[in-house]
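Asks: model the structure of this input:
(one chain, ligands or ions: 1)
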Amino acid sequence: MSLQIHEYDFAADALFLDFDGTLVNLAPEPDSVVPAPDLIEMLQRLQELSHGALAVVSGRPVVQLDHYLAPLHLPAAGVHGLERRDASGRLIQLSAPDTARLMERLAPLVARHPGLLLEPKRGALALHYRKAPHLEETCIEAMNHAVSRVPGFTVLRGKMVVEAKAALADKGDAIASFMREAPFAGRRPVFVGDDVTDEAGFDWVQSHGGGFGIKIGEGPSKANMRLDNPAALHQWLEQALKAVDRRS
Ligand SMILES: O=P(O)(O)OC[C@H]1O[C@H](O[C@H]2O[C@H](CO)[C@@H](O)[C@H](O)[C@H]2O)[C@H](O)[C@@H](O)[C@@H]1O
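Replies: Residues are numbered from 1 along each chain as shown. Prediction:
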């Protein structure tokens, strides 16, 4: 099923956007993503037309989202729901356990294999194997083992990454929190994401929020809509903006 552009309603909908693989193409390393030149301007217009009901919902920390989306400071959820900046600019961080013991357990593996990368975050630790895909099983086993020895964390799988994350909240919880507050409350939530970590978000918007999810790319998903890739999402959003221009 594809979402008809006229169905998107800036007056009535709230837009929640994942970052990697959705707003930007995936890159070899976390630090090497390059937002499209017109992305910032497009997000700014979308936010204005939605009267602020637009948020980024990511596995990355909010501070990184700000870096890539500067000068915008959008409402945002980071680290898969462990932190959230609401529409008034207030940052709420759930008190997460320390990842130092996980780091100690996983660092020797990464030291042995230069293709692996550990990405520490507040309340989470991601083990990336994009540059060493043959080590996927090794990484998953090592992460499962580490998490079994350090209480308070859950294991998340993502694209070429396995992550330990404090078991406190997920993307669905983050969207639910936004939807209880202005300017999101009372609107229909639309969540766009590409990865298995986005399924909690699709689940919430479709089961509880009366909205819909849009999955970017292939793979099984609960989302009831699909778009092929980030470029298709950009095009879809541009069309929504043009439809508003035509009406005004
Ligand atoms: O929830 P998202 O906004 O999609 O963030 C998910 C993870 O994204 C980043 O990792 C992914 O993107 C990297 C850059 O394209 C890529 O190299 C990596 O293989 C992907 O897994 C980020 O580094 C993680 O912290 C996020 O959790």
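Asks: start and end of stretch 30-43, how far apart?
Replies: 21 Å (C-alpha to C-alpha, to the nearest Å).
Asks: one more: stretch 83-90?
Replies: Using C-alpha to C-alpha, first and last residues of stretch 83-90 are 10 Å apart.
Asks: buried stuff in that stretch?
Replies: By neighbour count, with 16 or more other C-beta atoms under 10 Å as the criterion, the buried positions of stretch 83-90 are 83, 84, 85, 86, 87. The way it works is simple: take the backbone N, C-alpha and C, and place the C-beta from them, glycine included.
Asks: wait, the first one sits on residue 62?
Replies: Yes. Between residue 83 and residue 62 a contact is recorded at 5.7 Å, counting by C-beta atoms under 8 Å.
Asks: buried ones in the strand or helix carrying residue 155?
Replies: Assigning secondary structure by DSSP states H and E places residue 155 in strand 153-158. The neighbour-count check on strand 153-158 (16+ other C-beta under 10 Å) flags 153, 156, 158 as buried.
Asks: returning to that earlier point: for the buried residues of stretch 83-90, which one is nearest the ligand?
Replies: Distances from the buried residues of stretch 83-90 to the ligand were compared by C-beta to the nearest ligand atom; the smallest belongs to residue 83, at 12.6 Å.
Asks: residues contacting that closest one?
Replies: Contacts of residue 83 were listed using C-beta atoms under 8 Å, 6 or more residues apart in numbering, and they are 61, 62, 77, 91, 92, 93, 94, 122, 123.
Asks: list the contacts of stretch 143-154.
Replies: With C-beta under 8 Å, 6+ apart as the contact definition, stretch 143-154 has outside contacts at 97, 99, 101-102, 105-106, 127, 155, 162-167.
Asks: neighbours of residue 231, just the number please.
Replies: In terms of burial, residue 231 registers 12 neighbours under the definition other C-beta atoms under 10 Å.
Asks: ok but it is inside a helix, no?
Replies: Yes. When classified by DSSP: H, G, I helix; E, B strand; the rest coil, residue 231 is found to be part of a helix.
Asks: could you check the pLDDT of it?
Replies: We note a pLDDT of 96 for residue 231 in this prediction.
Asks: residue 111 versus that one, what's the distance?
Replies: Between residue 231 and residue 111 the distance is 38 Å, computed by C-beta to C-beta, to the nearest Å.
Asks: residue nearest the centroid of the protein?
Replies: With the centre of the chain defined as its mean C-alpha position, the nearest residue by C-alpha atoms, centre = their mean is residue 58, 2.5 Å away.
Asks: if I pick that residue, what's in contact with it?
Replies: For residue 58, the residues meeting the contact criterion (C-beta under 8 Å, 6+ apart) are 18, 19, 20, 65, 76, 77, 78, 80.
Asks: all set, thanks.
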